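K.L.:
fold the stuff below for me.
(chains A and B)
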Number of protein chains: 2
Amino acid sequence: MNDRFLRACRREPVDATPVWFMRQAGRYMKAFRDIRAKHSLLTVCKTPDLATEVTLQPIERFDFDASIIFADILLPLEPMGLNLEFVKGEGPVIHNPLRDKKDIEALKPVEPEESLAFVLQSIRQVRAALNVPLIGFSGAPFTLASYMIEGSSSRNYLHTKKMMYGAPELWTQLMSKLGRVIADYLAAQVKAGAQAIQIFDSWIGTLSPGDYRRYVFPHMKQLMTELHTFGVPVLHFGTGTSTLLDQQKEAGGDVIGLDWRVELDEAWNRLGHDVAVQGNLDPLTLFAPIPEIEKRVDNILKRAGKRPGHIFNLGHGILPETPLEAVEAVIDRVHQKSAAILAEQ
Amino acid sequence: MNDRFLRACRREPVDATPVWFMRQAGRYMKAFRDIRAKHSLLTVCKTPDLATEVTLQPIERFDFDASIIFADILLPLEPMGLNLEFVKGEGPVIHNPLRDKKDIEALKPVEPEESLAFVLQSIRQVRAALNVPLIGFSGAPFTLASYMIEGSSSRNYLHTKKMMYGAPELWTQLMSKLGRVIADYLAAQVKAGAQAIQIFDSWIGTLSPGDYRRYVFPHMKQLMTELHTFGVPVLHFGTGTSTLLDQQKEAGGDVIGLDWRVELDEAWNRLGHDVAVQGNLDPLTLFAPIPEIEKRVDNILKRAGKRPGHIFNLGHGILPETPLEAVEAVIDRVHQKSAAILAEQ
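P.N.:
Numbers count the residues shown, from 1 in each chain, chains lettered A, B, ... in the order given. All right, here's what the predicted structure looks like:
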């Protein structure tokens, strides 16, 4: 069992820096495209044999140090009563977005062992086949709320911010409901075998520090406090977060995700070294020539230095168009270069 | 003549903080929608009487302290040889995006007095009618290049970064050509009567600090050095720039634009007080109830304090759905509250 990833989460020494990629099971692999040609995204998520197969594809093909269960952050929205569809070329669409008190009060509680049993079954199946740790995950309350309110991905978060500013008590009600669903969902994932959990607050970077403090922090703090009782490392991820990192750390997480807009060492210094960090290669770097990619990997590893607690990752999910050779080059370089740095006297 | 805006650009004392909004001539005003119902965006830009009319609409209706000429950052792309169209609901589309050496070598030099004469004529007409200063503007090289290469707005800047990383000499060639066009275009705007110029590097926040340093900074520095010889204040704007502000200041500008992701006082402290700042209300704040809007205006003014050199603005353009009452409330509150703060002993 390769335990580099879990050791790094706990800031314990490792022989080489662990590496995994967000969306590592994805369209950049032909094997994944072949499955998706025959099945919709939701069908793959809801069919444990298919979800297991795609989760394992990148582990079989590459030398990743962790696996993340194939699922979508929006899956818990269906049992809450939202009508979710993935429209080709457009991404997720929710046909009955939340706009008022009545919509939010109508949200249903979720029993993950029932309505999300397929994710738990996939976790059990993947665990049986893996020799690297398995990460479970969920969207964070703000990011899920933004999809539920906007009905799709958004540029401005008009309806979300309208509710936050104009109906703060409704917003609180929604965030509380989501916190409950997310905690139960992640507890069930851990019970099914997830050895770490990542919270994706992918779109939190649209908020000012003041709005984060007022509308998100209390809910994240409460959620994280509960997640920390589950006995597995908690990874706390967002993008565009350079002015939110201090609050994200205060809210909780054993590992804070960094995107490429910050320099890893500066961000880690600001966070303090009593927390691990994950990141932070721009996924677009994978379209550069290999020597350029290697230089950028080296730069991140040099900034991380010999201090335990760095997990190498992209700053956001890998793109469908990414060349396989680039993925291989990053993983190899991370392992070789970090082993050399860590072995230095 | 109300010269608060120009005085603030030069960090001279003012009786009240000047305020203007990016996209203040826009769809949130019925008078603007009436014009746009009859004419396309490009027609309004290219018809000085129409451009003059819409530029003046917000000045006649509200107590703004500056006017910005109605135009689009992409206008210089047409005389360079790009086939530009504004597609309803989609935004700008370029039908012949740049992808290789041949495309970039085919770009034509621009004589703004000829091919962009309509903008200059609009500036002359607006100036004759105004009693507040008139701002001219242009997109910055990176932001224009990203549209020229992607062919539209973009989430990931895949093709742009591919060229930056994979063909840096082509990238440099494109940035140099754009620097030349932009400097000539802005020189002509100043000659026609623009009393300040703003550079919109709206999408620069997609870059890591290292990429900004390598692929953008040298071009911005050179451009800004030239703009500073024009004898009018230069405003340097971007979004998502919290980790780029130091470099933006180093590149140049009398005024640095701040978006809502930074706290104004913290950002200004980091920049140093030898530069003015502009910002930084989240445009989405304008959808909050009026008392909440006023609290947020007060918070920004308090952070700016009594130090000269703050221009109040949104952190990005005003949205089409914005209520008129909110615009009025912000302007009044900025004037009243800042006058009170500045008058304190």
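K.L.:
so where do the helices sit in the stretch 101-250 of chain A?
P.N.:
Counting by DSSP state H, counting those that start in this stretch, the stretch 101-250 of chain A has these helices, from start to end: A:101-105, A:112-115, A:117-129, A:141-150, A:158-166, A:168-192, A:209-211, A:217-227, A:245-251.
K.L.:
compare those helices and give me the one nearest A:M1.
P.N.:
Closest to A:M1 of the helices of the stretch 101-250 of chain A, according to CB to CB: helix A:117-129, at 11.4 Å. All C-beta atoms are positioned from the backbone trio N, CA, C, and that covers glycine.
K.L.:
now the closest one against helix A:168-192, angle please.
P.N.:
Interaxial angle, helix A:117-129 versus helix A:168-192 (axes from the mean of the first three to the mean of the last three CA atoms, to 10 degrees): 40 degrees.
K.L.:
ok now helix A:117-129, how far from the chain's centre?
P.N.:
Here helix A:117-129 is found 18 Å from its chain centre; the criterion is CA atoms, centre = their mean, to the nearest Å.
K.L.:
please apply the same query to stretch A:47-60.
P.N.:
In terms of CA atoms, centre = their mean, the centre of stretch A:47-60 is set 17 Å apart from its chain centre.
K.L.:
what does the stretch 101-250 of chain A have sitting close to chain B?
P.N.:
Within the stretch 101-250 of chain A, the residues that sit near chain B (CB under 8 Å from any CB of the partner chain) are A:156-158, A:161-162, A:165-166, A:205, A:207-211, A:240, A:242-243.
K.L.:
which single residue of the stretch 201-345 of chain A ends up nearest chain B?
P.N.:
In the stretch 201-345 of chain A, the residue that lies nearest chain B is A:A288 (3.5 Å; CB to the nearest CB).
K.L.:
pull out the buried positions in the strand or helix carrying A:E53.
P.N.:
Using DSSP states H and E, A:E53 falls within helix A:48-61. By neighbour count on 16 or more other CB atoms under 10 Å in any protein chain shown, the buried set for helix A:48-61 is A:48, A:50-59.
K.L.:
closest to chain B out of these?
P.N.:
A:P58 (20.2 Å).
K.L.:
hmm, back to that, most packed of the helices of the stretch 101-250 of chain A?
P.N.:
helix A:141-150 (a mean of 25; mean count of other CB atoms under 10 Å in any protein chain shown).
K.L.:
pull the contacting residues for A:L342.
P.N.:
Contacts of A:L342 were listed using CB atoms under 8 Å, 6 or more residues apart in numbering or on different chains, and they are A:13-17, A:306.
K.L.:
out of the residues you listed, who has the most neighbours?
P.N.:
When the contacts of A:L342 are compared by neighbour count (other CB atoms under 10 Å in any protein chain shown), A:T17 ends up highest, at 24 neighbours.
K.L.:
which non-adjacent residue is nearest A:E105?
P.N.:
Computed as CB to CB, 6 or more residues apart in numbering or on different chains, the closest residue to A:E105 that is not its neighbour in sequence is A:Q173, at 7.8 Å.
K.L.:
that neighbour against A:K102, yeah?
P.N.:
No - with contact defined as CB atoms under 8 Å, A:Q173 does not count as touching A:K102 (11.8 Å).
K.L.:
give me the pLDDT value at the closest residue to A:S153 other than its chain neighbours.
P.N.:
Setting aside the residues directly before and after it, A:S153 is nearest to A:G91 in space (CB to CB, 6+ apart), at 5.4 Å. Looking at A:G91, its pLDDT is 88.
K.L.:
need phi/psi at the nearest residue to A:M1 once chain neighbours are set aside.
P.N.:
Excluding the flanking residues, the one nearest A:M1 by CB to CB, 6+ apart is A:N131, at 5.7 Å. Per-residue torsions, A:N131: phi -120, psi 20 (degrees, to the nearest 10).
K.L.:
what is the neighbour count of A:N131?
P.N.:
Count around A:N131 with other CB under 10 Å applied: 9.
K.L.:
how close does it sit to A:E60?
P.N.:
Per CB to CB, to the nearest Å, A:N131 is found 11 Å from A:E60.
K.L.:
any idea how far A:G139 is from A:L74?
P.N.:
Taking CB to CB, one finds A:G139 at 7 Å from A:L74.
K.L.:
for A:Q121, same thing?
P.N.:
A:Q121 is 19 Å from A:L74, by CB to CB.
K.L.:
spatially, what comes nearest to the residue of the stretch 51-200 of chain A found nearest chain B if we skip its sequence neighbours?
P.N.:
Closest to chain B within the stretch 51-200 of chain A is A:Y165: 3.5 Å, counting by CB to the nearest CB. Nearest residue to A:Y165, sequence neighbours excluded (CB to CB, 6+ apart): B:A288, at 3.5 Å.
K.L.:
hang on, the one you found packs against B:V297?
P.N.:
No - if you go by CB under 8 Å, B:A288 and B:V297 don't touch, sitting 10.8 Å apart.
K.L.:
out of these two, which sits in the more crowded spot?
P.N.:
B:V297 (24 against 21).
K.L.:
residues in contact with that one?
P.N.:
B:V297 touches B:281, B:312, B:330, B:333-334, B:337, counting by CB under 8 Å, 6+ apart.
K.L.:
looking at those residues, which are in strands?
P.N.:
Mapping these onto strands (DSSP state E) picks out B:281, B:312.
K.L.:
thinking again about what came up before, will you turn the contacts of A:L342 into JSON lines that also has pLDDT and secondary structure?
P.N.:
As requested, the contacts of A:L342 are exported to JSON lines (pLDDT from 0 to 100; DSSP: H, G, I helix; E, B strand; the rest coil):
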{"residue": "A:P13", "pLDDT": "97", "secondary structure": "coil"}
{"residue": "A:V14", "pLDDT": "97", "secondary structure": "coil"}
{"residue": "A:D15", "pLDDT": "97", "secondary structure": "coil"}
{"residue": "A:A16", "pLDDT": "98", "secondary structure": "coil"}
{"residue": "A:T17", "pLDDT": "98", "secondary structure": "coil"}
{"residue": "A:K306", "pLDDT": "96", "secondary structure": "coil"}
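K.L.:
for those, which one is nearest chain B?
P.N.:
Ranked by distance to chain B (CB to the nearest CB), the contacts of A:L342 are led by A:T17 at 19.2 Å.
K.L.:
how far away is the closest residue to that closest one other than its chain neighbours from A:D65?
P.N.:
Nearest residue to A:T17, sequence neighbours excluded (CB to CB, 6+ apart): A:S338, at 3.6 Å. Per CB to CB, A:S338 is found 11 Å from A:D65.
K.L.:
follow-up on the earlier one: is the residue of the stretch 51-200 of chain A closest to chain B in contact with B:P291, as I believe?
P.N.:
No - assessed by CB under 8 Å, A:Y165 is found out of contact with B:P291, at 10.8 Å.
K.L.:
residue contacts, the residue nearest to A:Y165?
P.N.:
A:162, A:165-166, B:296, B:326.
K.L.:
show me which pair in the residues you listed is furthest apart.
P.N.:
The span of those, defined through CB to CB, is set by A:K162 and B:R296 at 14.4 Å.
K.L.:
measure the closest residue to A:L314 other than its chain neighbours to B:L158 for me?
P.N.:
Excluding its sequence neighbours, the residue lying closest to A:L314 (CB to CB, 6+ apart) is A:P283, at 4.5 Å. Per CB to CB, A:P283 is found 10 Å from B:L158.
K.L.:
doesn't A:E105 make contact with A:K177?
P.N.:
No - if you go by CB under 8 Å, A:K177 and A:E105 don't touch, sitting 9.5 Å apart.
K.L.:
noted, bye for now.
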